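1. Next one to model:
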Amino acid sequence: MELRILEGSNNEQVDLRVITVEGDYYNGPLEGKSLSELLQPITDASHTRDRKRSPPDSACLPGTRKGVVKWLVIWVSSSVLLRRQHILWLYGYAGCGKSAIAQEVSQRVQSGGRLLATFFFFRGAGDRSKIGRLPNTLASQMAISLPETGPLVEAAAKAEPQLLEVESCLSLSARLHRLVYEPFKAVVGQASLAKILLSDPYLIVIDGLDECVDKEGVQEFIAATLTFFDQNPSLPLRILITSRVEQHIHSRLVTSGGVRLKDLGDHCTTRDIQKFMRIVFDAETKGSPIIQAHIRQNGSWPGRADSKRLVDHIGGSFIFASTLFKFIFQAPASPNDHSTPLDRFPLALNIDPGLDGLYSQTLARSAHLPYFTDIISTLALTAKPLPISGIAELLDIQASAVAQVLVDLQAVVQVPGTDDAPVTFYHTSLRDFLTTESRSGQFFVPTSFHARLFIGCLSCELRARRGTPKVRLDRQKQTAAVQYSLERRYTTTHWNDVCSSFTSDNLKKIVQLQREQVELLPGDDRTEGSEALANELISLFYYDGLASTIEEAVSIHREGLGLRPHPHPDRHYSLNNLGIALGSLFKHSQRVADIEEAISMHREVLSLRPYPHPDRHHSLNNLGAALHSLFKHSQRAADIEEAISMHREALSLCPHPHPGRHYSLNHLGIALDFLFEHSRRVADIEEAISMHREALSLHPHPHPYRHYDLSGLGAALNSLFESSRRVADIEEAVSMHCEALSLRPHPHPDRHHSLGLLGNALDSLFGHSQRVADIEEAVSMHREALSLRPHPHPDRPKCLNNLGDAIKQLFEDRRKAAFPQSPTDLDEAIACTHELLVEHYIEGHDRRDSTQNKLQSLLQLRAKMTGNQGNLDEIER
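-> Presented below is the predicted three-dimensional model:
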């Protein structure tokens with residue numbers, strides 16, 4: 001495991017730290033393994049998968065989509081001599097039937113023996129939502145479809161084992177070329193040019209490319225494929241890509257002349273929807289005595305006018321049609337609901353067009369049941385679908401409670417007939433609906449529920465380990481929930497990128513469970529388990545601020561590093577973790593030796609991750625952040641300049657749309673802000689603002705990390721205002737901090753930082769506006785910030801200082817305005833400054849003298865008001 005600094009939220013350098021599991025799917029010796037064992041393909045990604053267990057469960061009903069399917073099959077089978085565009089992008093809106101058509105085309109081309117491979121992406125389906133194993137999976141299928149390629153793929157894999165690894169120094173492009181495209185070219189290219197040009201092409205189908213969460217990987221896949229065809233225009237290979245129109249896909253495919261574009265929306269005809277409706281209604285009518293009795297008495301059902309209304313209401317969306325038909329015909333499970341399809345038909349006509357209204361109405365059926373919210377949240381956020389029994393075990397509830405909730409949701413959720421088959425959404429638009437608050441309202445699933453799932457995973461694994469302590473668990477013999485919990489690439493999704501929303505109680509529980517787990521792990525696994533505990537302690541330290549918490553984390557990481565001497569292949573992970581732990585310790589101790597050792601760790605990590613190591617940009621940012629921390633203590637220009645140099649290099653390694661780009665932008669922006677404080681060069685702060693604006697543009701609402709970008713931009717604008725004195729700068733800064741604060745409700749661990757930053761911005765605004773309301777609000781912000789950082793939290797001194805200064809400013813302003821004043825108005829500021837001297841700025845601290853002067857000034861003000869010499873005597877003491 002590796003701990004990474006992701007970004008700083010403001011010019012106080014609040015580092016968000018995330019545990020990231022590094023690992024590959026390949027391990028062990030190559031000799032003696034079959035090609036499938038070497039490649040480890042995703043077995044449920046092709047068109048032959050069990051669609052009930054591995055969605056999308058999409059297929060064209062007989063008689064539907066005939067025109068577009070025929071057109072696509074003709075395109076696939078036409079010679080590249082006649083149609084030189086090797087790639088066809090079939091795009092369209094959600095629910096227009098892209099996956100069903102991809103499935104139909106795959107089956108038809110396979111029957112002709114020219115289907116090379118298929119891959120159906122699906123968000124929330126584990127590895128099928130990522131691109132890392134695409135080369136392995138395509139190569140494995142190709143070796144079956146075109147057996148002559150098998151030995152070539154195997155030879156390439158054995159010559160370069162890193163081709164098999166998802167995380168390696170080899171790019172996705174290199175892996176795709178060497179495992180798929182080059183073996184295909186070597187086999188097919190042996191024929192004469194005439195034969196190649198006149199033969200039917202082979203086909204690769206890539207469905208749901210927009211479902212892949214690795215946007216940078218998607219763009220790399222497209223670029224690699226376009227390059228291959230540019231260099232090999234005569235090869236008989238075509239690729240059908242289906243997806244919604246998303247910017248990262250559209251920008252690459254539309255600009256290339258080698259791609260044929262097809263808008264499926266132009267082929268979603270009313271006639272197809274009518275056929276679909278007729279097939280479904282005929283089948284349901286035959287099995288329903290109630291509907292048959294109604295028809296005998298009243299004639300056809302639904303009538304022609306109602307049928308037309310329903311078809312018009314559906315529009316061209318097959319997924320809406322399918323879900324609406326399930327809503328009409330699904331028998332309600334509630335004993336109090338006696339409605340029939342005849343009753344539900346007019347209700348269907350009144351549901352808002354589109355899926356959101358249908359989703360809301362369907363979910364409302366079960367919303368009153370126990371555990372509804374937990375069960376729906378689990379379905380929305382788990383990285384891989386779980387069966388009913390797995391959901392129940394993960395939530396520690398009865399399977400019957402899960403089944404009771406799901407039984408009335410079968411219009412939108414695919415519920416299997418047994419407790420052991422996975423529960424899936426019919427369409428990923430339901431997941432989008434549930435995780436977008438503006439759409440789902442009361443059914444919204446917050447990211448904070450990841451904490452419940454992470455704790456559930458630890459609890460499931462712990463129960464299994466208690467039964468067989470200090471023995472490696474056989475995954476195949478475990479329950480579905482335990483198997484999921486043991487799969488680190490799944491469970492860490494409940495930690496990565498959302499651990500900042502965990503509460504103190506969440507983290508205390510996690511640490512408690514992890515401690516027990518470490519004691520039960522077999523010897524070989526204890527190092528990884530201990531490192532996970534240390535990283536969780538670092539996260540807890542951001543809440544409790546206790547020296548014992550962070551010192552334990554440092555101690556564990558030191559021990560882990562000792563077990564990985566040079567040249568251990570994982571030494572760089574341990575160095576990185578220890579470096580970050582020492583940086584956190586420095587925040588508490590302010591011992592220069594701690595941050596200097598942290599810098600030493602990060603320098604060694606960087607030396608072990610030369611270009612093009614995939615984690616080099618993380619190491620550069622971590623080293624830059626450590627140098628930045630040292631600069632805040634040393635005020636040496638060389639330290640901040642080197643930090644900026646590190647962040648610039650990291651940014652250069654993260655071109656758009658690299659997922660790490662916004663981290664590098666934030667780091668660089670914060671460092672430039674601090675350099676401006678030292679240099680007073682306006683160009684520095686203007687560049688910092690530019691970095692923060694770009695970072696913010698990469699995190700539109702409701703991105704979970706938008707608040708960091710808002711804080712960084714607000715702090716930089718505040719710094720610019722100090723130089724420009726433009727009121728627009730400080731007003732925009734206040735606006736940024738207000739939005740950031742709204743995204744950090746209690747008990748968010750960074751709420752106190754937003755309060756402090758907003759308070760400081762209001763202080764600055766007051767200096768311009770002289771509105772008492774501004775400084776009064778600033779005092780309110782600083783009071784709340786201080787209340788969130790009790791002694792001995794390392795951020796308490798800054799909160800005390802901010803509050804004391806704001807109260808003094810408010811006192812002096814009221815005095816100038818001749819408002820009635822009481823000496824007790826100063827008492828709070830005096831108490832804050834006194835605590836700083838007694839508890840924090842002890843003898844030798846570089847801020848002690850200035851703080852003593854501040855206390856003397858406050859006491860003199862109070863003595864002047866009261867005429868009480870006792871205050872001046874206190875100054876002398």
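
2. Can you point out the buried residues in stretch 677-694?
-> Within stretch 677-694, the residues scored as buried using 16 or more other Cβ atoms under 10 Å are 684, 685, 687, 688, 689, 691, 692, 693, 694. The way it works is simple: take the backbone N, C-alpha and C, and place the C-beta from them, glycine included.

3. And the pLDDT at residue 366?
-> Residue 366 carries a pLDDT value of 92.

4. for residue 851, same thing?
-> Model confidence at residue 851, given as pLDDT, is 92.

5. same thing with residue 682?
-> At residue 682, the pLDDT recorded in the model is 95.

6. what do you get for residue 449?
-> Residue-level pLDDT assigned to residue 449 equals 94.

7. Hmm, residue 64 is touching residue 277, no?
-> No - applying Cβ atoms under 8 Å as the test, residue 64 and residue 277 come out as separate, 10.3 Å apart.

8. So if I had to pick from the two, which one is more boxed in?
-> Taking neighbours as other Cβ atoms under 10 Å, residue 64 and residue 277 compare with residue 64 leading, 23 against 18.

9. quick one on the thing from earlier: secondary structure and distance to residue 60 for the buried residues of stretch 677-694 - can I get that in JSON lines?
-> Formatted as JSON lines, the buried residues of stretch 677-694 follow (DSSP: H, G, I helix; E, B strand; the rest coil; distance: Cβ to Cβ, whole Å):
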{"residue": "684", "secondary structure": "helix", "distance to residue 60": "60"}
{"residue": "685", "secondary structure": "helix", "distance to residue 60": "59"}
{"residue": "687", "secondary structure": "helix", "distance to residue 60": "54"}
{"residue": "688", "secondary structure": "helix", "distance to residue 60": "54"}
{"residue": "689", "secondary structure": "helix", "distance to residue 60": "53"}
{"residue": "691", "secondary structure": "helix", "distance to residue 60": "49"}
{"residue": "692", "secondary structure": "helix", "distance to residue 60": "49"}
{"residue": "693", "secondary structure": "helix", "distance to residue 60": "47"}
{"residue": "694", "secondary structure": "helix", "distance to residue 60": "44"}
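
10. For these, give me JSON lines that also has distance to residue 553.
-> Output for those, formatted as JSON lines (distance: Cβ to Cβ, whole Å):
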{"residue": "684", "distance to residue 553": "34"}
{"residue": "685", "distance to residue 553": "35"}
{"residue": "687", "distance to residue 553": "35"}
{"residue": "688", "distance to residue 553": "31"}
{"residue": "689", "distance to residue 553": "35"}
{"residue": "691", "distance to residue 553": "30"}
{"residue": "692", "distance to residue 553": "30"}
{"residue": "693", "distance to residue 553": "35"}
{"residue": "694", "distance to residue 553": "33"}
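
11. Can you show me the helices along the stretch 301-450 of the chain?
-> Using DSSP state H, counting those that start in this stretch, the helices of the stretch 301-450 of the chain run over residues 304-314, 318-329, 341-350, 355-363, 372-381, 388-395, 399-406, 429-434, 437-440, 449-467.

12. Of the ones you listed, which is nearest residue 734?
-> helix 437-440 (24.6 Å; Cβ to Cβ).

13. Determine the set of other helices and strands touching that closest one.
-> helix 355-363, helix 429-434 (3 or more Cβ pairs under 8 Å, 6 or more residues apart in numbering; DSSP states H and E).

14. Contacts for the shortest one next, please.
-> Spelled out, that is helix 429-434. Residues outside helix 429-434 that contact it (Cβ atoms under 8 Å, 6 or more residues apart in numbering): 94-95, 123-124, 319, 355-356, 359, 376-377, 380, 412-413, 425, 439-440, 443-445.

15. counting residues per helix, which one in this protein is longest?
-> helix 796-816 (DSSP state H).

16. Now do the helix or strand just after it, average pLDDT.
-> Next in sequence after helix 796-816, counting helices and strands by DSSP states H and E, comes helix 824-835. Averaging pLDDT along helix 824-835 yields 88.

17. and helix 824-835 with helix 796-816, angle?
-> Relative orientation of helix 824-835 and helix 796-816, computed by axes from the mean of the first three to the mean of the last three Cα atoms, to 10 degrees: 150 degrees.

18. Tell me which residues of helix 824-835 come out buried.
-> In terms of neighbour count (16+ other Cβ under 10 Å), helix 824-835 has its buried residues at 825, 826, 828, 829, 830, 832, 833, 834, 835.

19. now stretch 214-233
-> Here stretch 214-233 shows 214-222, 224-226, 228-229, 232 as buried, counting by 16+ other Cβ under 10 Å.

20. Tell me where the model's unsure across the stretch 751-877 of the chain.
-> By pLDDT under 70, the weakly predicted segments of the stretch 751-877 of the chain are 817-818, 820, 868-877.

21. same thing but at 90, please
-> Within the stretch 751-877 of the chain, the stretches with pLDDT under 90 are 767-770, 772, 790-795, 808-827, 839-847, 857-877.
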